[in-house]
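Trainee: What follows is a predicted structure for the sequence shown.
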Amino acid sequence: MNETVSNKQHHPAASRGSFSGRIGYVLAVAGSAVGLGNIWRFPYLAAKYGGGMFLLVYLILMLTFGYVLIISETALGRMTGKSPVGAFQTFGKGLPFRFGGWVNAVIPMLIVPYYCVIGGWVTKYLFEYVKGNTVQLAEDGYFTSFIASSVRVELWFVLFSLMVFLVIVAGVKQGVERVSKVMMPMLVVLAIFVAIYSITRPGAVGGIRYFLIPNLDHFSWMTVVAAMGQMFYSLSIAMGILYTYGSYISKDVDIEKSTTQVEIFDTAIAMLAGLMIIPAVFAFSGGNPETLQAGPSLMFITLPKVFASMGMGTFAGVLFFLLVLFAALTSAISLMETSVSTITDELHWDRRKASFLMAAVMLVVGSGSALGFGVLDFVSILGMSILDFFDFLTNSIMMPLAALSTCLLIIRVVGFGAIEKEVECSSAFRRKKVYVFFMKYLAPVCIGIILISSIANVMGWISL
Ligand code: TRP
């Protein structure tokens, strides 16, 4: 680790001693990338926005925009040795630079509160499986009545947030990460089993087809908007995280190769989750369009039905929700850690104070999301529940803006030469032409169009 890095002991990656190696880097990035985004968010978006069509668009976006952005953010982080706010200011002091850095840095602060609400749902389900309530959990309407019961949802949300907060304040993050290195492969193995079980249920074939075979009739512009938001979210891009991670790697880490590995790993897990959940919708509710549209609740309505129908379902339920809880915890911890570091670095607050500020933000914003299906369900922002609104605001508005800022920084200020030089320190950069082509001609324009259309859509100016 170099000079600029050593004074930032609080950053997510800094505590990983062997971060200079490529494998360490890939594991760290993959660990933060794999989380609720893959297991909870991806399947419900795929179910809602066109199945195979969504998958196809997602894969194309990931291999193009995703690839270009991961490389860019990591290279800029390594080049400057700084997190996003500092990295942008290395190149200029004006307002656009401040905006570019901060829009990246604020996103994790807005994601972590509602992420913890979902984490709370997961914790609650784990608790119920431990108690053996496998059959009750699978009953129709269980989930809906749970999220409408404001007090219980709030308590589970607070419990999950407390775990995250304590890990950060007590500094036992490394312990959690060590455990999660064992949990992650276990999650993959269990997910494979559950997916095989799901796809072999009678009636599941319709679901496999729906999820894997693109059908043009299922295409809508919202497919593209949703797939892009998901791609950012799942790969943890367009929110400054990879600048920070990039700032910790040494010049001999092959950025191109590690990018490819992270993409493959993250996508494989998302697809596995899709195969666990979507065929089950067809097998257990006959492909009911309403279930397909269930949105954030999809995983919580579908999987209990799968577990209730199989032998050792309670055991599978306990194990599954325990593993998902860990994946969610590591992601939430790294989101919170990044937010705390930004505050300590940029506002020069001490770490305790910054942690408490973040805890307050989490409590206020998160409670809104937690109660949005219960006592606050009369609140509708632009037609969305509070949780959906924060999800939309971060994923469909702020992340495209953050991605656009990175593109413009490279195109107008840093220059392709500097990025190429940075990447080529340690990698052959085989896809250099693709990189430059996308970055120069496609990325800014496409991201801009998608951003404008998603704003126009929620404002009701157009209907997608
Ligand atoms: N990618 C994570 C997931 O799939 C969520 C996430 C987004 C994240 N940004 C992050 C996690 C930053 C850690 C750090 O669940």
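Mentor: Great, that's in hand.

Trainee: So which bits of the stretch 51-200 of the chain are right by the ligand?
Mentor: 108, 111 (C-beta under 6 Å from any ligand atom). C-beta coordinates here come from the backbone N, C-alpha and C atoms, glycine included.

Trainee: Return, as residue ranges, the portions of the stretch 51-200 of the chain with sub-threshold pLDDT.
Mentor: The model of the stretch 51-200 of the chain has pLDDT under 70 over residues 172-173, 175.

Trainee: just the strands in it please.
Mentor: Remark: strands of the stretch 51-200 of the chain are absent; assignment by DSSP state E, counting those that start in this stretch.

Trainee: Which per-residue confidence value corresponds to residue 402?
Mentor: The model reports residue 402 with a pLDDT of 95.

Trainee: now do residue 7
Mentor: The model reports residue 7 with a pLDDT of 38.

Trainee: Please shift the residue numbers so they start at 176 in all later answers.
Mentor: Will do, 176 is the new start, and the previous item becomes residue 182.

Trainee: give the contact list for residue 431.
Mentor: Going by C-beta atoms under 8 Å, 6 or more residues apart in numbering, residue 431 touches 246, 598, 602, 603, 604, 605, 606.

Trainee: So which of these are in helices?
Mentor: 246, 598 (DSSP state H).

Trainee: Now the buried members of the contacts of residue 431.
Mentor: Applying 16 or more other C-beta atoms under 10 Å to those, the neighbour count classes 246, 598, 602, 604, 606 as buried.

Trainee: And residue 359, how close does it get to residue 202?
Mentor: Note on residue 359: its distance to residue 202, by C-beta to C-beta, to the nearest Å, is 9 Å.

Trainee: Who are the contact partners of residue 459?
Mentor: Applying C-beta under 8 Å, 6+ apart to residue 459 gives the contacts 376, 477, 480, 481, 484.

Trainee: which element is the third one on?
Mentor: This points to residue 480. In this assignment (DSSP states H and E), residue 480 forms part of helix 473-484.

Trainee: just checking, next helix/strand downstream of that helix?
Mentor: Using DSSP H and E, the helix or strand that follows helix 473-484 in sequence is helix 488-522.

Trainee: Return the set of buried residues in that following helix.
Mentor: Within helix 488-522, the residues that count as buried by 16+ other C-beta under 10 Å are 488-489, 491-521.

Trainee: Let me know the average pLDDT across that helix.
Mentor: The model assigns helix 488-522 a mean pLDDT of 90.

Trainee: Direction-wise, compare that helix with helix 473-484 and give the angle.
Mentor: Here helix 488-522 runs at an angle of 160 degrees relative to helix 473-484 (axes from the mean of the first three to the mean of the last three C-alpha atoms, to 10 degrees).

Trainee: Check the offset of the helix or strand that helix 488-522 is followed by from the chain's centre.
Mentor: Per DSSP H and E, the first helix or strand lying C-terminal to helix 488-522 is helix 526-546. Distance of helix 526-546 from its chain centroid, counting by C-alpha atoms, centre = their mean, to the nearest Å, is 19 Å.

Trainee: packing partners for helix 526-546?
Mentor: helix 270-305, helix 325-345, helix 488-522, helix 561-567 (3 or more C-beta pairs under 8 Å, 6 or more residues apart in numbering; DSSP states H and E).

Trainee: same thing but 10 Å
Mentor: helix 270-305, helix 317-323, helix 325-345, helix 488-522, helix 561-567 (3 or more C-beta pairs under 10 Å, 6 or more residues apart in numbering; DSSP states H and E).

Trainee: and whichever residue of the stretch 276-425 of the chain sits closest to the ligand, what does it touch?
Mentor: Per C-beta to the nearest ligand atom, residue 411 is where the stretch 276-425 of the chain lies closest to the ligand, at 3.8 Å. By C-beta atoms under 10 Å, 6 or more residues apart in numbering, the contact set of residue 411 is 204-205, 207-210, 212, 245, 248, 283, 286, 417, 420, 437, 441, 506, 509-510, 513.

Trainee: hmm, try it at 6 Å
Mentor: Listed by C-beta atoms under 6 Å, 6 or more residues apart in numbering, the contact set of residue 411 reads 207, 208.

Trainee: From residue 480, how far out is it?
Mentor: 31 Å.

Trainee: Next: residue 300.
Mentor: 13 Å.

Trainee: who has more neighbours, the two?
Mentor: More crowded of residue 300 and residue 480, by other C-beta atoms under 10 Å: residue 300, with 27 against 21.

Trainee: pretty sure that one is touching residue 496, no?
Mentor: Yes: look at residue 300 against residue 496 with C-beta atoms under 6 Å: they come within range, at 4.9 Å.

Trainee: on that earlier part again, neighbour-wise, give me the winner out of the contacts of residue 459.
Mentor: Most neighbours among the contacts of residue 459, by other C-beta under 10 Å: residue 477, with 27 neighbours.

Trainee: residues contacting residue 596?
Mentor: For residue 596, counting by C-beta under 6 Å, 6+ apart, there are no contacting residues.

Trainee: Name the helix or strand for it, please.
Mentor: helix 591-599.

Trainee: Can you name the element that comes right after that helix?
Mentor: Next element after helix 591-599 (DSSP H and E): helix 607-612.

Trainee: mean confidence score for the helix holding residue 596?
Mentor: 93.

Trainee: out of everything not next to it in sequence, what's closest to residue 336?
Mentor: Spatial nearest neighbour of residue 336, excluding adjacent residues (C-beta to C-beta, 6 or more residues apart in numbering): residue 291 at 4.5 Å.

Trainee: For residue 503, see how far away the one you found is.
Mentor: Using C-beta to C-beta, residue 291 is found at 9 Å from residue 503.

Trainee: Would you mind listing what in the stretch 426-575 of the chain touches the ligand?
Mentor: Close to the ligand, as judged by C-beta under 6 Å from any ligand atom, the stretch 426-575 of the chain has residues 506, 509, 510.

Trainee: okay if I get the residues you listed as TSV plus distance to residue 546?
Mentor: TSV is the format used below for these (distance: C-beta to C-beta, whole Å):
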residue	distance to residue 546
506	23
509	26
510	21
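
Trainee: What's the local residue count around the residue nearest to residue 336?
Mentor: 32.

Trainee: Also residue 395?
Mentor: For residue 395, using other C-beta under 10 Å, the count is 14.

Trainee: Next, see if stretch 199-217 gets close to the ligand.
Mentor: Yes: using C-beta under 6 Å from any ligand atom, stretch 199-217 reaches the ligand at 207, 208, 210, 211, 212, 213.
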